[in-house]
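> Let me see the structure of the following:
(chains A and B)
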Amino acid sequence: MNLNSRKALDRSLTGVGALAIGLMSLSLVILLGPFFIRGSQAFVFRATVEHRRLMFTEFARGGQDSLNKELAAVKQARAPVFAAMTRFEEELPSLPLERRGALRKEYREVQRLVRSLFGPLPGDDPPVLLREVYGQTRWDRALVKLDELLHVQRWDYSRIGQMGRQVRDRRQNTFAGTALEPLFPVLEGHLGEMLRPRLTFYWQFLIDESRDAHFFGGIGPEILGTFYLAFGAMLLAIPFGVIAAVYLSEFAGSGRLVSLLRVFVSTLAGVPSIVFGLFGLAFFINTLHLSRSKSVLAGAATLALLILPTIIRAAEEAIKAVPQTYREAALSLGASPLRMVLTVLLPAALPGILTGIIISIGRAAGETAPIIFTAAVSVGQPLKLIETLSQPTPALSWNIYNLATEHEAVGEIRHVQFGMVLTLVLLVLALNLAAILLRARLARRNRG
Amino acid sequence: MNKTGDSLILSQAASRFRRLAAALMRGFLLLVTALSMAAVLLIILYIARDALPFFRLAGLKEFFASTAWYPSGRPASFGALSIFFGSAIVTLGAMAVAIPLGLAAALCLSDILPFAVRQAVKPVIEALAAIPSVAFGFFALVVFAPLLQNNGGNVLTVMVWLILLPPGLLLTYLTAEASSRGIREEVAPAVKWVMAGVLGWLLIRGLLALADRLGGVTIDSGANALNVSLILGIMALPTIVSVSEDALQAAGRDLREGSYALGATRAETLLKVVIPAASSGIVAAVILGVMRAIGETMVVWMASGNAAQIPKPWFNVLSPVRTLTATIAGDMGEADQVLGSLRYHVLFALALILLLLSFFANLVSEWVLRRHRRRMSGGQK
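Numbers count the residues shown, from 1 in each chain, chains lettered A, B, ... in the order given. As a prediction, the model looks like this:
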């Protein structure tokens, strides 16, 4: 090969490397982008009057007077809609028979959508489900509902040999000439006055309990459950992990037993997380009977096993990094090995150990598979501390899965799902950032 | 510890007490350490204990050889072959993404990028490693799957361009370079450029034609093997990058400098000297990456489609599959109520397979790494 080709190859390798780094960074951006953009909409959004009504009755927030004033204004704005509906209902029996059936069917759809916008119609029985008591609390969802109300969607299969096309017709056309016809332009033009959207910062999303299976409210119990699980796991794993690390790095030497122990550590680190879950079910619940069925305790114990290798490795690294002179100085002053470990070694290694612990908290908070069978339920109350010994809990990671796949109205509560993902991701990233900063400080101290 | 006065020399009794205390403490530390390690044995024991009844009652043949997975059917059948296949193809796909990308990134990080840039890239890797798997799964299900379903053709086109364009350009350049060799010096550059132009034109035309084909492809379901493979590949990236970067770093400066001194370029040094020297570390990195992909639950459970089938043809990554981990996670909910039934035990049998796989992979990677370390330290002496 001549020199030019060799140079070109060299440059192209640089290019390929840069491309790989670029793709990796790009994938992180593409991944986090939707979480941040759509997740923030769970916190900051245009809230309608229905949201304020909900906040007042369910969570006792906001002033009664201002709410009543607003409700009165809204009632007035909505009156033409309800009036048109009443007139149409009176008119319906007198309409020509051949149109009546189709109209009645269509009208039921209109009623459903108006209810979903504004809550129960005047004269309705009080609804059973909470989600039917309130209309749309979010302006973005209200606009989606309005669009559904204004347009009929159907599939056009008339072109032979081609895929069906979606066609949108204006629903108004169906009701042409009836008393309901004016309802559509009124809704389209004055929905803002009927719902009064206002930009709201709903930070209580982080502490509120959910109402009616996450249709309303926040993710407080999930966050609390995640904290319980992560800190319970730490509580169980830290003593074992640090002691094992002290033993492995200071006292074990390099015998056969020790190399076996080390193989065990790396084996434990390699066990798939779902296997931990099964083990937790078979051992902690079905054999030890830590609790009658799923509980925070069983889940935390399972998670503790999962993060044990991480803690052992981090603590071992940190202890090994303590200069040999520290140990020798302590021992030469007459300290026993135990005292040397407790008063010299561990304090010197503490920042390093803390780094490992912080990263493990993030890991424990984010894991889902181990808690499926041991600790997680989809809907639950926030637990008191004592109840964690016997009760299962909702948790962020599990509920992200649950709301995104098994919820009855997956598409209606996207903002809650994204808000949960954002919360979890931010929590984990913040913990990692703290670990990075701690490590940087540690490096500076060791250098200086 | 105890009062021994000002004398530096301990009394006999005190020194014996001290020795005893030290021995006791060592014993206690060993006990705690061994206890936490006993977890591994307990895990094997309990998974195997609940898995064995399945093999005893249902035998091995159906489990490993049949693709009929109807655990709730009457009679139930537990052919897990298609589930093994699902795990395999998803892992294979993930590695097809992660190995080239991860290796290139590791090379770039260890030898090419300046220090400041490297410091900026490190947090990207750490963030990718830290993001919980359920968040990846959520992305795969809620963002990526609809994208594939609605704009499948375009997504595939972009991917093909990304994969084929860089090596295509490289090949074009090298062929042009080679074809101009041995020609008189005055015309050589002209020949080279003409060659490059013709080949480049052919390349672009070929890619456009391929893109045209792919642009028409519609994907029935966004929850498929391709989706999961891509996401798993990105999840395995941090492992592969950091472990193989360590291996590349460990290959040492002298090796590189020796190669440079012989007149090699950086690319030649990396490809012919550093990578062979670090090969066992890279193998270990790949093994760890594979285990990350096989053991991952949430992403495959949420976005693989969960259809226990072997696609036709088998390499059709656009069809849904089902994996070991997703089967355990998904079926346990129903099997939990029928504790002690075959449906319950078969999930433990799947877990046992997973567990054995991870042990095996772990042992191999440990062995490879240890051999590597020994060789590297031997080389320095």
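
> and residue B:376, what pLDDT?
Per-residue confidence for residue B:376 comes out at a pLDDT of 69.

> what's the answer for residue B:36, then?
Residue B:36 is assigned a predicted lDDT (pLDDT) of 76.

> show me the contacts for it.
A:240-241, A:244, A:308, A:312 (Cβ atoms under 8 Å, 6 or more residues apart in numbering or on different chains). Every C-beta, even on glycine, is put in place using the N, C-alpha and C of the backbone.

> rerun at 10 Å
For residue B:36, the contacting residues are A:237, A:239-241, A:243-244, A:261, A:264-265, A:268, A:304-305, A:308-309, A:311-312, taking Cβ atoms under 10 Å, 6 or more residues apart in numbering or on different chains as the criterion.

> For it, which non-adjacent residue is closest in space?
The spatial neighbour of residue B:36 that comes closest, neighbours along the chain excluded (Cβ to Cβ, 6 or more residues apart in numbering or on different chains), is residue A:240 at 4.4 Å.

> Wait, the one you found touches residue B:39, no?
Yes: checked against Cβ atoms under 10 Å, the pair residue A:240 and residue B:39 is within contact range at 9.2 Å.

> Mutual contacts of these two, please.
With Cβ under 10 Å, 6+ apart applied, the overlap between the contact sets of residue A:240 and residue B:39 consists of A:304-305, A:308.

> Most neighbours out of these, which is it?
residue A:304 (27 neighbours; other Cβ atoms under 10 Å in any protein chain shown).

> Which secondary structure element is home to that residue?
Element membership of residue A:304 [criterion: DSSP states H and E] is helix A:296-321.

> same thing with residue B:74?
Assigned by DSSP H and E, residue B:74 falls outside every helix and strand.

> Backbone dihedrals for it, please?
Note on residue B:74: backbone dihedrals following degrees, to the nearest 10 are phi -130, psi 110.

> Contact partners for the residue most central in space within chain B?
Using Cα atoms, centre = their mean, the residue of chain B that lies closest to the mean C-alpha position is residue B:289, 2.1 Å off. Contacts were defined as Cβ under 10 Å, 6+ apart; by that measure residue B:289 touches B:91, B:94-95, B:98-99, B:102, B:232-233, B:235-241, B:243-244.

> With residue B:71 instead?
When contacts are counted by Cβ under 10 Å, 6+ apart, residue B:71 is found next to B:77-78, B:80, B:308, B:327, B:331, B:334-335, B:341-344, B:346-347.

> ok, now residue B:104?
Taking Cβ under 10 Å, 6+ apart, we find residue B:104 in contact with A:13, A:15-21, A:23-24, B:112, B:166, B:241.

> from these, which would you call buried?
A:13, A:16-21, A:23-24, B:112, B:166, B:241 (16 or more other Cβ atoms under 10 Å in any protein chain shown).

> The strand or helix carrying residue A:26: how far from the chain's middle?
Remark: residue A:26 resides in helix A:3-39, with elements defined by DSSP H and E. When distances are taken as Cα atoms, centre = their mean, to the nearest Å, helix A:3-39 is centred 29 Å away from the chain's centroid.

> Where does pLDDT dip in chain B?
Confidence mapping of chain B against pLDDT under 70 gives the ranges B:1-10, B:334-340, B:376-381.

> can you give me the strands for it?
Per DSSP state E, chain B has strands spanning B:69-70, B:77-78. These are given in chain order.

> Could you export the ones you listed as JSON lines, including distance to residue A:429?
As requested, these are arranged in JSON lines below (distance: least, Cβ to Cβ, whole Å):
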{"stretch": "strand B:69-70", "distance to residue A:429": "38"}
{"stretch": "strand B:77-78", "distance to residue A:429": "42"}
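
> deepest of the ones you listed, which one?
Mean neighbour count (mean count of other Cβ atoms under 10 Å in any protein chain shown) peaks for strand B:77-78 among the strands of chain B, with a mean of 19.

> Each with direction, which strands does it pair with?
Strand B:77-78 has these partner strands in its sheet, going by DSSP bridges: strand B:69-70 (antiparallel).

> What are the contacting residues of the strand it pairs with?
Residues lying outside strand B:69-70 but in contact with it, judged by Cβ under 10 Å, 6+ apart, are B:76-83, B:307-309, B:322, B:327, B:331, B:346.

> Just give me how far stretch A:283-301 sits from the chain centre.
Stretch A:283-301 sits 25 Å away from the centroid of its parent chain (Cα atoms, centre = their mean).

> Return the alpha-carbon coordinates of that stretch using PDB.
Once non-C-alpha atoms are left out, stretch A:283-301 reads as follows in PDB (Å, rounded to 0.1, in the frame of the first residue of the first chain):
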ATOM      1  CA  PHE A 283     -36.900 -18.000  49.000                       C
ATOM      2  CA  PHE A 284     -37.900 -14.900  50.800                       C
ATOM      3  CA  ILE A 285     -41.700 -15.400  50.400                       C
ATOM      4  CA  ASN A 286     -42.400 -19.000  49.800                       C
ATOM      5  CA  THR A 287     -39.700 -20.400  52.100                       C
ATOM      6  CA  LEU A 288     -38.700 -17.900  54.700                       C
ATOM      7  CA  HIS A 289     -42.200 -16.400  54.800                       C
ATOM      8  CA  LEU A 290     -40.800 -12.900  55.400                       C
ATOM      9  CA  SER A 291     -44.300 -11.800  54.600                       C
ATOM     10  CA  ARG A 292     -47.500 -13.500  53.600                       C
ATOM     11  CA  SER A 293     -47.200 -12.400  50.000                       C
ATOM     12  CA  LYS A 294     -45.400  -9.600  48.300                       C
ATOM     13  CA  SER A 295     -43.900  -6.900  50.600                       C
ATOM     14  CA  VAL A 296     -41.500  -4.100  50.600                       C
ATOM     15  CA  LEU A 297     -39.300  -6.100  52.900                       C
ATOM     16  CA  ALA A 298     -39.100  -9.100  50.500                       C
ATOM     17  CA  GLY A 299     -38.500  -6.700  47.500                       C
ATOM     18  CA  ALA A 300     -35.800  -4.800  49.400                       C
ATOM     19  CA  ALA A 301     -34.000  -8.100  50.400                       C
END
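
> And that stretch, what's buried?
Here stretch A:283-301 shows A:283-285, A:290-291, A:294-301 as buried, counting by 16+ other Cβ under 10 Å.

> Among those, which pair sits farthest apart?
Taking Cβ to Cβ as the measure, these span a maximum distance of 16.4 Å, between A:283 and A:296.

> Now do the same contact list for the residue in the stretch 1-150 of chain A that chain B sits nearest to.
Here the stretch 1-150 of chain A gets closest to chain B at one residue, residue A:17, 2.9 Å apart by Cβ to the nearest Cβ. Contacts were defined as Cβ under 10 Å, 6+ apart; by that measure residue A:17 touches B:103-113, B:267, B:270.

> can you give me the offset of stretch A:41-57 from its chain's centre?
Stretch A:41-57 has its average C-alpha position 19 Å from the chain's average C-alpha position, going by Cα atoms, centre = their mean.

> An error on my part: the question was meant for stretch A:223-239.
Using Cα atoms, centre = their mean, the offset of stretch A:223-239 from its chain centre is 18 Å.

> now stretch A:63-75
In this view, stretch A:63-75 has its centroid 33 Å away from the chain centroid, taken as Cα atoms, centre = their mean.

> For that stretch, which outside residues touch it?
Outside of stretch A:63-75, the residues that reach it under the criterion Cβ under 10 Å, 6+ apart are A:48-50, A:52-53, A:55-57, A:61-62, A:82, A:118, A:122, A:135, A:193-196, A:198.

> quick revisit: need the contact list for the residue nearest to residue B:36.
Taking Cβ under 10 Å, 6+ apart, we find residue A:240 in contact with A:304-305, A:308, A:311-312, B:32-33, B:35-37, B:39.

> how does it look with 7 Å?
Contacts were defined as Cβ atoms under 7 Å, 6 or more residues apart in numbering or on different chains; by that measure residue A:240 touches A:308, B:32, B:36.

> Out of the residues you listed, which is nearest to residue B:352?
residue A:308 (21.3 Å).

> Nothing else from me, thank you.
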